[in-house]
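how would this look folded up:
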Amino acid sequence: MPYVVSTCPFCGCGCGLYLEVADHRLVGVSASPSHPVARGKLCVKGWHAHEMAAAPNRLHRPLVRQGDALAEASWDEALGLASDRLAGIRDQHGPGAVGILGSPRGTNEESFLLSRLARGVLGTNNVDFSDRLVALPGLFDLARCRSLTMSGVGLDALDAADLILLWETDPTHEHPAVASRIMEAAERGASVIAVATLSGQLTGLAHMGLSPRPGTGVELAAGLLHVLLSTFTRRPDELEALDASVSDFTPEQVAAVTGVPADGIRQAGQRMGAATKPLLIYTRAATLDRRAFHLLTALAALGQVASRRAPSWSSLLWLAPFCNFQGARDMGLVPYFLSGCQPVSDAAVREKFGRRWGAEMPLEPGLPAWDMLGAVKGLFVVGDDPLRALPDAAETRRALDALEFLAVQDTHLSATAERADVVLPSASFAEKDGIFTSTERRVQRVRRATAPPGEARSDWEVICELAGRMGRPFTYRSPAEVMDEIAALTPVYSGISYSALEEGWGLCLPPADPGEAERPQTLATNDEPTSEAKHAALTDERFPLLLLPDYVLGAWSADPGVVCSVALRRELQAGRRAHSPVVEISPADARAGGLRDGQQVRVCSRTGEMEAAVHINAGVPPGVLALPFAMRESAAQAMPPTVHPETRVPLLSPCAVRIEKL
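Alright, predicted model coming up:
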């Protein structure tokens, strides 16, 4: 039985695995014993990764809309229609009327080619991916934001850390390879502190658990920083301003706002001060916080101050949610940057890419995915599903239906593809060659193990064909040649090639440049009224509970790779999480309301209501209900999506509710 080495297509850990092939079919997966991340183990998603490729509902032939239905068509017809309509909309309404959405599950080569198709062929910077929402996207003009959502260390830092601070994340659900290392670190003697409004598995295993009131993360981080700075017997002069900015955040004052006991704040800060190699881990729950920039700036300050006792040590580890999230951003699948975070506003950058591609690069920054929908008239979507990823599913659906033309390229018929005018069948990760870049910036090969089903094609081939039909042919003969061009245009990838990746387990790019994000001199904590005041204003006697979005609970339940696997749907409870509304409630609130597990209730807010089953969860604090993000559309009336007033990023905001039995 042939074994083909490849990379897991799920989370950002980048585990290595072997694809097992029999009779030209993908039949299983094996863990790599020597891979530095997998280390002979895979999570339940990794063990079933082959089912994504072998699923019976794969797309086999192109589809073209005829009336209200999609009907099979030839590649020539589908590609001709897609290229003519996209180019026609551009010519009639201007380049800003078209847009492209890619995917953090696509290869680096595919993301790079989509960037070239948008900028060098269609003439627009409207290129993005919906899941970029989790990476401080509304603050793109600040270099600090890029570094705050770009890991400064590798996963091997978990093996050396003597203190691990988990901030609103439970890697057991999202990044199991990281979770196992945290457990090993705890057994080795490392101190584990878990900050979690909603407790998870690792919260129970941590040496300390801090449970702040919803929305008080900035104040808690400031309180920890206050204590941490007090542990220096001789404080460096450059920390004086930072110390002054948190001087009012004593443990007692922070305890009054956050609900975390003052002794707990003091003890956690002192533990951080005593650590020589602290590590702060955070993920999408922190970056989707309404005060995300202030929160992450506070975490960065915590990490920078805590690691001063080991100058060569970097303490921030941001866990990318998807297999090639880092790679998609690195390749320019962003409205404001070309590959390597080279800004489109830089004339020298535009000239370099324009000379290589034989086209004039557009200057006007593009629209992010959530603004693109509703603004463009023609859209080409490759592997993305904005109906699954964006907070306001109803508004996203209306925007998709209002398009003059929608083309979707995917392995399965996603909710977005069901509304398309043209659907093109794609090869899966196991049926193509390419490269992924993991959360620790490990660049690894994805290798073709079997042929795509039916007439499905690799995305890079389809993108090249579309470019040629629009009069701008791409001359690449393989993904390896695309990678060579990436290396030529992208300094940080200059040493990457297929031959360099042939042996071993990939190459790690240099970590985020510490100089890219200046050290916070002061900490802004008064950007909004205190969360205690906001909480009091939200809840009252009629609406005594606070409904919160939970980005960890059932995080993978609606993922396309999970949905198409019978085993993963069962193991991750995808059916219940994705299709039957559920709210998580504390045992105390369940007893007070006379509710049993699984009971149907009506959840009412000031704006509307929803029906759901209650699930009693000891990790939910009293006074709070947790709603899995995957079920946000069911709660749209009770918890309507909002738009951040400064960043214009769509969010789900906590709202006051009451529960009525059904």
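
please count neighbours and contacts with C-alpha atoms only from this point.
Noted.

return the distance of stretch 416-428 from the chain's centre.
Stretch 416-428 has its C-alpha centroid displaced from the chain centroid by 22 Å (Cα atoms, centre = their mean, to the nearest Å).

no wait, stretch 417-429
Centroid separation between stretch 417-429 and its chain, computed with Cα atoms, centre = their mean, is 22 Å.

using CSV, write down the CA coordinates of that stretch.
Output in CSV follows, covering the C-alpha atoms of stretch 417-429 (Å, rounded to 0.1, in the frame of the first residue of the first chain):
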residue,chain,number,x,y,z
ALA,A,417,-22.2,27.4,-4.0
GLU,A,418,-25.9,26.6,-4.0
ARG,A,419,-26.6,30.2,-4.9
ALA,A,420,-24.0,30.4,-7.7
ASP,A,421,-24.4,30.9,-11.4
VAL,A,422,-21.4,28.7,-12.1
VAL,A,423,-19.9,26.0,-9.9
LEU,A,424,-16.5,24.5,-10.7
PRO,A,425,-15.3,21.2,-9.1
SER,A,426,-12.0,21.4,-7.2
ALA,A,427,-9.4,18.9,-6.2
SER,A,428,-9.0,18.3,-2.4
PHE,A,429,-5.8,18.6,-0.4
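
check contacts around Ala262.
By Cα atoms under 8 Å, 6 or more residues apart in numbering, the contact list for Ala262 reads Pro251, Glu252, Val254, Ala255.

was I right about the last one contacting Gly264?
No: using Cα atoms under 8 Å, Ala255 and Gly264 do not qualify as a contacting pair, with a distance of 9.1 Å.

which one of these two is surrounded by more residues?
Ala255 (21 against 16; other Cα atoms under 10 Å).

what about the more buried one, which helix or strand?
Here Ala255 sits within helix 251-258, counting by DSSP states H and E.

tell me which stretches of the stretch 351-500 of the chain form helices.
Assignment of helices within the stretch 351-500 of the chain using DSSP state H, counting those that start in this stretch yields the ranges 369-372, 386-389, 393-401, 459-469, 479-489.

want to throw those into TSV with distance to Ala157?
Formatted as TSV, the helices of the stretch 351-500 of the chain follow (distance: least, Cα to Cα, whole Å):
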stretch	distance to Ala157
helix 369-372	34
helix 386-389	31
helix 393-401	38
helix 459-469	35
helix 479-489	27
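
just put these in TSV and tack on mean neighbour count, distance to Arg25 and mean pLDDT.
As requested, those are exported to TSV (neighbours: other Cα atoms under 10 Å; distance: least, Cα to Cα, whole Å; pLDDT from 0 to 100):
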stretch	mean neighbour count	distance to Arg25	mean pLDDT
helix 369-372	21	36	94
helix 386-389	22	30	92
helix 393-401	17	36	94
helix 459-469	20	20	98
helix 479-489	19	23	98
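
low-confidence ranges in this protein?
Within the chain, the ranges that satisfy pLDDT under 70 run 1, 136-152, 511-537, 573-579, 646-647.

quick check: domain ranges of this structure?
What automatic domain parsing lists as the domains of the chain is 3-54, 63-137+324-423+474-491, 152-318, 539-661.

so how far is the first residue of the last one from its last?
Using Cα to Cα, to the nearest Å, the end-to-end distance of domain 539-661 comes out at 19 Å.

got the contact list for the residue lying closest to Leu210 once chain neighbours are set aside?
Of all residues not flanking Leu210 in the chain, Val195 sits nearest, at 4.7 Å (Cα to Cα, 6 or more residues apart in numbering). Contacts for Val195 were tallied using Cα under 8 Å, 6+ apart; they are Leu165, Leu166, Trp167, Glu168, Thr203, Gly209, Leu210, Ser211, Pro212.
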